[in-house]
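K.L.:
only geometry, no sequence info:
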């Protein structure tokens, strides 16, 4: 067996090849994004449609964490791409286009949280949970509604950090990237938001079921 054949067959070489393959895909995707951004800025609307189709799934998953009603999160996704369209000239190509879109989505999400927080009054959380306990189970839809009601009683920024943490399972680093906060700020805000949420849960005689972040 030749040295070349041995090297190609080694696990390390296989891992390296896989890594290079992923990196190559990212570079190709980045080049496609850059070409479509330039075309869009030159007036090619079809180019922007390609960008939307390319990333609407990832942005949709992000906004779905704020509200699982299809009409609501689809409207939020549209808001993200509308804002991105009018801000496209500000994209400098520093970092991925998806990362840039995610930061816009975080701003849209924050505004949504701020608006909905004003609309939500106090809810009968204790009655909902007691009904679930008496039945011996808590329906998933009811549990989701309960958590949304709890989050609605927090400030928009506190709600945002817990939404990213618990609905989207984001790490501290991912939250920092999406929101523009540094890691220390994310940890501080998440800790403070959990304490506030815990106080609400105890006041309503509920059991906190949220898990700690990674």
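P.N.:
Looks like it arrived, so ask away. This is a predicted model, so every value here is computed, not measured. Residues are numbered from 1 along each chain as shown.

K.L.:
Quick check: can you list the domain ranges of this protein?
P.N.:
For the chain, the structural domains run 29-119, 121-214, going by automatic domain parsing.

K.L.:
lowest-confidence stretch among those domains?
P.N.:
Looking at the domains of the chain, the lowest mean pLDDT belongs to domain 121-214 (a mean of 70).

K.L.:
how much space between residue 157 and residue 57?
P.N.:
Separation of residue 157 from residue 57 (Cβ to Cβ, to the nearest Å): 26 Å. No exception for glycine: its C-beta is placed from N, CA and C like everyone else's.

K.L.:
Between those two, which has more neighbouring residues?
P.N.:
residue 157 (17 against 10; other Cβ atoms under 10 Å).

K.L.:
Name the helix or strand for that one, please.
P.N.:
helix 156-162 (DSSP states H and E).

K.L.:
tell me what that helix is packed against?
P.N.:
Using 3 or more Cβ pairs under 8 Å, 6 or more residues apart in numbering; DSSP states H and E, the elements in contact with helix 156-162 are helix 97-119, helix 140-152, helix 172-179, helix 183-203.

K.L.:
residues in contact with it?
P.N.:
Helix 156-162 is contacted by residues 106, 109-111, 113-114, 117, 151-152, 154, 175, 179, 186, 189-190, 192-194, 196-197, 210 when judged by Cβ atoms under 8 Å, 6 or more residues apart in numbering.

K.L.:
can you rerun that using 7 Å?
P.N.:
Applying Cβ atoms under 7 Å, 6 or more residues apart in numbering, the contact partners of helix 156-162 are 109-110, 113-114, 117, 151, 175, 179, 186, 189-190, 192-193, 196-197.

K.L.:
could you dump the helices and strands packed on helix 156-162 to TSV with mean neighbour count?
P.N.:
TSV is the format used below for these (neighbours: other Cβ atoms under 10 Å):
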stretch	mean neighbour count
helix 97-119	18
helix 140-152	16
helix 172-179	19
helix 183-203	15
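
K.L.:
In TSV, list these along with distance to residue 36.
P.N.:
Output for these, formatted as TSV (distance: least, Cβ to Cβ, whole Å):
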stretch	distance to residue 36
helix 97-119	9
helix 140-152	36
helix 172-179	22
helix 183-203	31
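
K.L.:
quick one: which of these is nearest residue 68?
P.N.:
Smallest distance to residue 68 across the helices and strands packed on helix 156-162 (Cβ to Cβ): 6.8 Å, for helix 140-152.

K.L.:
who's in contact with residue 105?
P.N.:
With Cβ under 7 Å, 6+ apart, residue 105 has these contacts: 59, 62-63, 80.
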